[in-house]
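**Student:** Here is the input, now give the coordinates:
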Amino acid sequence: MHDFYDMPFNEYIVMVEAYNRRQSAKQKEELLTAQFIAYHAYIAGNIRLDKIPSFSEFIGEKKKVKSTATDEQKERLRAATAEYLKKKSQIS
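**Tutor:** Okay, here's the model as predicted:
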């Protein structure tokens with residue numbers, strides 16, 4: 001206990017951040033366990049095997065991301081990538 005009271009403030013902040021990170025990981029693990037149980041409860045009575053989603057689809061990990069880049073931006077990126085690879089191959 002004396003180590004705690006003799007501790008400088010910056011060490012205290014590091015200790016608090018480590019504790020919070022550990023708690024956050026524990027909460028994520030508990031959430032994943034609850035999602036796992038919910039998934040198996042959902043598929044347990046399902047007769048149609050072709051309609052069963054995968055676990056990652058069930059918890060929402062595989063979300064489609066809509067592309068916000070325009071065709072012009074994509075073309076400029078392709079051109080810049082091709083130029084980079086060309087220069088890289090000349091150096092090697």
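**Student:** if I look at Leu31, how far off is Leu49?
**Tutor:** Leu31 sits 27 Å away from Leu49, going by C-beta to C-beta, to the nearest Å. The way it works is simple: take the backbone N, C-alpha and C, and place the C-beta from them, glycine included.
**Student:** And the two? Which one has more around it.
**Tutor:** Taking neighbours as other C-beta atoms under 10 Å, Leu31 and Leu49 compare with Leu31 leading, 11 against 7.
**Student:** I'd like the next helix or strand past the helix or strand harbouring Ala25.
**Tutor:** Take DSSP states H and E as the rule and Ala25 turns out to sit in helix 9-44. Note on helix 9-44: by DSSP H and E, the next helix or strand toward the C-terminus is helix 55-59.
**Student:** What helices and strands are in contact with that following helix?
**Tutor:** Judged by 3 or more C-beta pairs under 8 Å, 6 or more residues apart in numbering; DSSP states H and E, helix 55-59 is in contact with helix 9-44.
**Student:** related to what we said a few turns ago, who does the helix holding Ala25 touch, helix- and strand-wise?
**Tutor:** Counting contacts by 3+ C-beta pairs under 8 Å, 6+ apart, helix 9-44 packs against helix 55-59.
**Student:** after the helix it packs on comes which helix or strand?
**Tutor:** Using DSSP H and E, the next helix or strand after helix 55-59 towards the C-terminus is helix 71-91.
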